[in-house]
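> Here's a sequence, model it:
(one chain, ligands or ions: 2)
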Amino acid sequence: MTNNLTIRRPDDWHLHFRDGDIMRGVVPYTARQFGRAIVMPNLSPPVTTAAMAADYRDRIMAAVPAGTDFTPLMTCYLTDTTDPDDLARGAADGVFTAAKLYPANATTNSAHGVSDVAKLAPVLERMEAEGIVLCVHGEVTDADIDVFDREAEFIERHLRGIIADFPRLKVVFEHITTADAVDFVKSCGANVAATITPQHLHINRNAMLVGGMQPHNYCLPVAKRETHRLALRAAAVSGSPKFFLGTDSAPHLRSAKETSCGCAGIFNAPYALESYLTVFEEEGALDHFEGFASLHGPAFYGLPVNADSITLERAEVAVPESFELTGEEIVPWHGGQTIGWRIAS
Ligand code: NCD
Ligand code: ZN
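Ligands and ions are numbered 1, 2, ... in the order given. The predicted structure follows:
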């Protein structure tokens, strides 16, 4: 039995830090594990320009604990009025690593998202030319589409078209939740990849709805039925370079989750790596963990892998039921459970 696993330092290719006190509270959890993270721009107001992203990056850097080597990779929130020149300049200056497509009203703070993907053509053309990665929240938002079908429908209505029209555009289909998405990504060329969250590898939709409503298992895209979870697990542990780690850690205070209209999002940053590793162990695929966590993402983004490494060791760790954040409580992913690994200090 493997009791220690040393891998290149991993990166998180999709998460939410928020801003202000919450951001200062959550950044250290991520910086402790990951070398870099793709930081989502869905602040209020959203991060839509290179100047805003540069300022936000400075605020994040100021929250990184002294002596910790961590680099936030910034994203541009695409809107109906994104300026392709500002985006391209921001990327050339090293401010933007990617741009994020939120269909309008798909999720938290996405009211400014793109109302009609066709309108993005000049921006996507420029991104393709400049090699800027497109990160996609792949859900349609039409009221007549069932929430459990929104990802699969997005592939047919939008993603196929984007990839056909911009065949060299690098696209990350983010936080995929369905077998449909796995199959689609596999069917595409090397310019299309996907991130997978720990929660979608661990739970299906029963975890949200059986035995009472469980707001801390609610995120977007919502967890789907068991067949989809199994397809995601198979993809994650397969060793395919098309699938890599993106936690989608999305902190919301307990008070914002346990209420009559609870926010979508799971705060998984504190035990993210341990959570993923549990899945790889259950699947007998520890040898593919480093690829998923530390190698496939940099290869897709065209970035070097991290220079240092991290060691995980077998240990029974009781995950706190909640953490203090800004004087309030936040419930972490696996809160109140025991997890079988820890990061060796
Ligand atoms: C995210 C958030 O809270 O910002 N929520 C979530 O459930 N994942 C938004 C998102 O990534 O969809
Ligand atoms: Zn997200």
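> Residue numbers of the stretch 101-250 of the chain in contact with ligand 1?
107, 108, 137, 219, 220, 248, 250 (CB under 6 Å from any ligand atom). Just so you know, the C-beta spots here come from the backbone N, C-alpha and C atoms, and that holds for glycine as well.
> Could you give the number of residues near residue 66?
If you count neighbours by other CB atoms under 10 Å, residue 66 ends up with 4.
> What about it? Give its phi and psi, please.
phi -60, psi 140 (degrees, to the nearest 10).
> Could you check how far it is from residue 273?
The gap separating residue 66 from residue 273 is 22 Å, by CB to CB, to the nearest Å.
> so how many other residues sit close to residue 314?
15.
> Repeat that for residue 299.
15.
> My read is that it contacts residue 241, right?
Yes. Using CB atoms under 8 Å, residue 299 is in contact with residue 241, at 5.9 Å.
> hey, where'd the helices end up in the stretch 101-250 of the chain?
121-130, 150-154, 160-165, 179-187, 198-202, 206-209, 226-237 (DSSP state H, counting those that start in this stretch).
> how about these in a markdown table, adding mean neighbour count and mean pLDDT?
Listed next are these as a markdown table, based on neighbours: other CB atoms under 10 Å; pLDDT from 0 to 100:
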| stretch | mean neighbour count | mean pLDDT |
| --- | --- | --- |
| helix 121-130 | 17 | 97 |
| helix 150-154 | 23 | 97 |
| helix 160-165 | 15 | 97 |
| helix 179-187 | 19 | 98 |
| helix 198-202 | 24 | 99 |
| helix 206-209 | 15 | 98 |
| helix 226-237 | 20 | 99 |
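> how about those helices, which one is nearest residue 322?
Residue 322 lies closest to helix 198-202 among the helices of the stretch 101-250 of the chain, at 17.1 Å (CB to CB).
> Can you show me the CA trace of the closest one as PDB?
Taking C-alpha atoms only, helix 198-202 is exported to PDB below (Å, rounded to 0.1, in the frame of the first residue of the first chain):
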ATOM      1  CA  PRO A 198     -13.700  17.100  -6.700                       C
ATOM      2  CA  GLN A 199     -17.400  17.300  -5.800                       C
ATOM      3  CA  HIS A 200     -18.600  16.000  -9.200                       C
ATOM      4  CA  LEU A 201     -16.300  13.000  -8.700                       C
ATOM      5  CA  HIS A 202     -17.700  12.300  -5.300                       C
END
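> which other helices and strands contact it?
When contacts are defined as 3 or more CB pairs under 8 Å, 6 or more residues apart in numbering; DSSP states H and E, helix 198-202 packs onto helix 226-237, helix 272-282.
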